[in-house]
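>>> let me see the structure of the following:
(chains A, B, C and D)
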Number of protein chains: 2
Amino acid sequence: MAATPQANAQPGERISEAEHAVMEVLWEEAPLCAQDVCAKVCAARGWSLPTVKTLLARLVTKQALSTTRDGKRFLYSPAMARSDYVGTESRRLVDRLFGGRAAPLFAQLAQAEALSDTDIAEIEALLKELKS
Amino acid sequence: MAATPQANAQPGERISEAEHAVMEVLWEEAPLCAQDVCAKVCAARGWSLPTVKTLLARLVTKQALSTTRDGKRFLYSPAMARSDYVGTESRRLVDRLFGGRAAPLFAQLAQAEALSDTDIAEIEALLKELKS
DNA sequence: CTCCATCGTTTACACACGTAATCGACTACG
DNA sequence: CGTAGTCGATTACGTGTGTAAACGATGGAG
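Numbering: from 1, shown residues only, chains lettered A, B, ... in the order given. The predicted structure is shown next:
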């Protein structure tokens, strides 16, 4: 049984940007069938239904989604927590660009004026909590 | 002059991860010739010299590097500031994962215990400065 | 002045990704 | 019971990326 190229896929398999858009929809609401996902994601990205189906299939292969049969169709649900994904992605960036240190990232955002007053207030609150 | 596929390349062209490793070396020290870059980057990544040459060439095409002739070889220097790259990449992530808001990213890092005491202290100091 | 080492350039190739059409099966309506 | 619509699966294809060999020019050693 000569494994086809895509046949093997570890759970750690990387989720691409387009795939992420699909995950985002399902993290917001699940389970959904392909059409529902398409309706939501196509509105934002302008993809066609076949495209969304491909992405769903690839995500299932990568074990990022799980499926349940519902009559003739499938219902898709996330098989990984959004916080996990967000966590590893954030960590990736911090490692790659800031040597694993979070402070320089913060400095970067501050300098780029990417921090709103609300952000600053929230971060301040978080800091207070961390120190307690 | 039928433009070859790669012939056109805007300055905004995206820098891939492998290319970024090369940029990193040149941001640390420049200008350098291909061999010097290779010596540094190959130690960390285990690439061969041809590979590094390809990456350098692609980066020149993307206008992320500039070159000066030095006898028979080229000296490569970054044509974009590291802070610019780091800025856009950070922004990208924050936009994609946190709806453009920095506070949730911070919360994420805090929750993942990715914040050292030093980080917290530095961020606190930055906050104080921002509010003044 | 010739030849070799060394550049940068060109070409190569497999795989991931974005995007999509087509196909075969199955369900539901008539 | 047949047929049309719909679903997931299969196949497709161009481009970017990671990785590298082959090639052609050129400058420096002898």
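
>>> for chain A, give me the ranges with low pLDDT.
A:1-12 (pLDDT under 70).

>>> quick check, residue A:114 in a helix?
No. Going by DSSP: H, G, I helix; E, B strand; the rest coil, the assignment for residue A:114 is coil, not a helix.

>>> please list the residues of chain A that sit near chain B.
Selection of chain A residues close to chain B by C-beta under 8 Å from any C-beta of the partner chain yields A:17, A:20, A:83, A:86-87, A:89-91, A:93-94, A:96-98, A:101-103, A:105-112, A:114-116, A:118-120, A:122-124, A:126-127, A:130-131. For every residue, glycine as well, the C-beta is placed using N, CA and C.

>>> what's the ChimeraX line that selects buried ones from those?
Selection of buried members from the residues of chain A next to chain B for ChimeraX, criterion 16 or more other C-beta atoms under 10 Å in any protein chain shown:
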select /A:20,86,87,89,90,91,93,94,97,98,101,102,103,105,106,107,108,109,110,112,114,115,119,120,122,123,124,126,127
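
>>> now the strands for chain A?
A:65-70, A:73-78 (DSSP state E).

>>> deepest-packed of these, please.
Comparing the strands of chain A by mean neighbour count (mean count of other C-beta atoms under 10 Å in any protein chain shown), strand A:73-78 comes out on top with a mean of 18.

>>> what angle do that one and strand A:65-70 make?
Here strand A:73-78 runs at an angle of 150 degrees relative to strand A:65-70 (axes from the mean of the first three to the mean of the last three C-alpha atoms, to 10 degrees).

>>> ok, residues contacting strand A:73-78?
A:23, A:26-27, A:30-34, A:37, A:56, A:59-60, A:64-69 (C-beta atoms under 8 Å, 6 or more residues apart in numbering or on different chains).

>>> isn't residue A:101 up against residue B:114?
No. Applying C-beta atoms under 8 Å as the test, residue A:101 and residue B:114 come out as separate, 9.1 Å apart.

>>> touching both of those two, which residues are there?
What both residue A:101 and residue B:114 touch, as defined by C-beta under 8 Å, 6+ apart, is the set residue A:94.

>>> touching DNA strand D at all, stretch A:39-57?
Yes. Stretch A:39-57 reaches DNA strand D (C-beta under 7 Å from any atom of the strand) through A:50, A:53-54, A:57.

>>> which non-adjacent residue is nearest the residue positioned nearest the centre of chain A?
When chain A is reduced to its mean C-alpha position, the closest residue under C-alpha atoms, centre = their mean turns out to be residue A:20, at 4.4 Å. Excluding its sequence neighbours, the residue lying closest to residue A:20 (C-beta to C-beta, 6 or more residues apart in numbering or on different chains) is residue B:96, at 7.2 Å.
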